[in-house]
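Undergrad: Would you be able to build a 3D model of this:
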Amino acid sequence: MGLLENQVALVTGGSSGIGKSIAYYLAKEGANVAVNYYSDKEGAEDVVKSIEALGKKAFAVQADVGDEADVARMFDAVFNEYGNLDILISNAGIQKDAPFHEMTLKDWNAVIRTNLTGAFLCAKEAVNYFLKRGVVEGISKSAGKIIFMSSVHQEIPWAGHINYSASKGGLTELMRSLSQETANKLIRVNSIAPGAIKTPINEDVWKDDEKHKHLLKLIPYNRLGEPEDIAEAAIWLASDKSEYVNGTTLFVDGGMTLYPGFVDNG
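TA: Reported below is the predicted structural model:
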């Protein structure tokens, strides 16, 4: 029996990178999975095939998480397919980088819309269902689990990426405030804050020897993270192993938030 046997999980942004790995690991632990994608249908279908090869159920569902009607349609699809939901992994996110004085309102709004408003819309749908359903004995000690995908940049300023950092800072207080509001209903809300993870979004850095070497100076553990590092953390937070953990950000960053510039006394 896996840690998440007979549970249903929805992973937004599940067609590649961290979301792809989380979806697969959820299935390995026994969950049936809905794999959300925005435009990468082929990637999402590949994830579904890999999950089905494990003998678990999965399906791909297209939706723009920043669109309220799309989010409602996505959740309807999950309930039509599985009749249930136990875990929301709110992972969908984008970057549109520029120096602050050159950043357009369009790019500011796009990042906030996906990374923050999208998390709000998905969590709202999940919370409404968890409140109505409550705890299901024999499935989980919690009425529902929500895990937001944040970033070390909820803590570390990131010049040239101000819209992204602002979205993750806002996500932190969304998570904390929502947890405070729903904990007495046994709904657990937490975040994972990855550091530098080897995904397609930063491929230009970790495939370049010089850039890779420079990046490692920011990571005391002296390696980049893998998507599986985040997936393992997500499994723990989604399972009853972390049943008393609520309103917390779990940093999975190799120590990136430890001010590595001070390792030799600054």
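Undergrad: I'd like the next helix or strand past the lengthiest helix in the chain.
TA: Longest helix in the chain, counting residues (DSSP state H): helix 162-182. Toward the C-terminus, helix 162-182 is succeeded by strand 187-194 as the next helix or strand (DSSP states H and E).
Undergrad: how far out from the middle of the chain is that following strand?
TA: 8 Å (CA atoms, centre = their mean, to the nearest Å).
Undergrad: Can you spell out which helices and strands pack onto the next helix-or-strand element following it?
TA: Tracing the chain C-terminally past strand 187-194 and defining elements by DSSP H and E, one meets helix 203-206 next. With contacts defined as 3 or more CB pairs under 8 Å, 6 or more residues apart in numbering; DSSP states H and E, the packing partners of helix 203-206 are helix 209-216. Backbone N, C-alpha and C define where each C-beta goes, glycine included.
Undergrad: Other residues contacting the helix it packs on?
TA: Contact partners of helix 209-216, identified using CB atoms under 8 Å, 6 or more residues apart in numbering, comprise Ala196, Asp204, Val205, Trp206, Asn222, Arg223, Leu224.
Undergrad: Can you give me the neighbour number for the nearest residue to the third one once chain neighbours are set aside?
TA: Going back to what we said before, that points to Val205. Sequence neighbours aside, Lys211 is the residue nearest to Val205 in space, at 4.6 Å (criterion: CB to CB, 6 or more residues apart in numbering). Neighbour count of Lys211, defined by other CB atoms under 10 Å: 13.
Undergrad: Begin at 49 from now on, thanks
TA: Shifting the count to begin at 49 puts that one at Lys259.
Undergrad: do you know how far Lys259 is from Gly141?
TA: 22 Å (CB to CB, to the nearest Å).
Undergrad: Can you show me the strands along the protein?
TA: In the chain, the strands defined using DSSP state E lie at 56-59, 80-85, 106-110, 135-138, 192-197, 235-242, 297-300.
Undergrad: Would you format those strands as TSV with distance to Ala281 and mean neighbour count included?
TA: Below are those laid out as TSV (distance: least, CB to CB, whole Å; neighbours: other CB atoms under 10 Å):
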stretch	distance to Ala281	mean neighbour count
strand 56-59	14	27
strand 80-85	17	27
strand 106-110	21	21
strand 135-138	11	29
strand 192-197	9	26
strand 235-242	5	25
strand 297-300	5	20
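Undergrad: for the protein, what are the low-confidence residue spans?
TA: 314 (pLDDT under 70).
Undergrad: can we see that at 90?
TA: Along the chain, segments meeting pLDDT under 90 span 49, 248-254, 256, 309-314.
Undergrad: Done for today, thanks.
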